[in-house]
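Colleague: 3D, please:
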Amino acid sequence: MDPRDLRSISEVREQLEPFAARLAATRRDEDDLAEIDDLLGNLAAFESGGLEEHRAALMELDERIHHVVYRASHNSYLAHDLDSYYTHALRIWFLGSRRSPICTKPYSSIARSSRRSETAMPSARPR
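Modeller: Numbers count the residues shown, from 1 in each chain. Sure thing, here's the model as predicted:
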């Protein structure tokens, strides 16, 4: 596993993830919506509280958000490939974070980035 691979993986994900989100926005079903609503509720709880205190839980939520969007695309090949890219990128990230000083990227920026996916896949349920 070479940390330099992260750039290549990121380039592919930058193209495929928006495509998956667009498919998910048009193909989502009631089960997908229920899961998305649950995740958005969890994300809102993080945004109102101390994000830095819950790094592990936020990383888990980030992973769940990505995988739900992949599945909601209802394209099993795309979801499989994106799952694989996500997992590989995460492994490289953890490997790199062990080699370098403490990661300083604020998790609030990750949460805001994940929240943008809400606009790409709005819930059909009235709030």
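
Colleague: Next, the contact list for the residue positioned nearest the centre of the chain, please.
Modeller: Residue closest to the average C-alpha location in the chain (Cα atoms, centre = their mean): residue 66, at 3.2 Å. Residue 66 makes contact with 17, 82, 86 under the criterion Cβ atoms under 8 Å, 6 or more residues apart in numbering. (Glycine included, C-beta is placed from N, CA and C.)

Colleague: Please name the nearest non-neighbouring residue to residue 19.
Modeller: residue 78 (7.4 Å; Cβ to Cβ, 6 or more residues apart in numbering).

Colleague: Out of the contacts of residue 66, who's the most crowded?
Modeller: Across those, neighbour numbers were computed from other Cβ atoms under 10 Å; residue 82 holds the maximum, 23 neighbours.

Colleague: picking up where we left off before, check which helix or strand the residue nearest to the centre of the chain maps to.
Modeller: helix 55-72 (DSSP states H and E).

Colleague: Centre of the chain to that helix, how far?
Modeller: 5 Å (Cα atoms, centre = their mean, to the nearest Å).

Colleague: same for the very next helix or strand once past it, what does it pack against?
Modeller: Using DSSP H and E, the next helix or strand after helix 55-72 towards the C-terminus is helix 76-99. For helix 76-99, the helices and strands in contact under the criterion 3 or more Cβ pairs under 8 Å, 6 or more residues apart in numbering; DSSP states H and E are helix 5-27, helix 55-72.

Colleague: Now render the ones you listed as a markdown table, adding distance to residue 35 and mean pLDDT.
Modeller: Putting the helices and strands packed on helix 76-99 into a markdown table (distance: least, Cβ to Cβ, whole Å; pLDDT from 0 to 100) gives the following:
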| stretch | distance to residue 35 | mean pLDDT |
| --- | --- | --- |
| helix 5-27 | 11 | 96 |
| helix 55-72 | 5 | 91 |
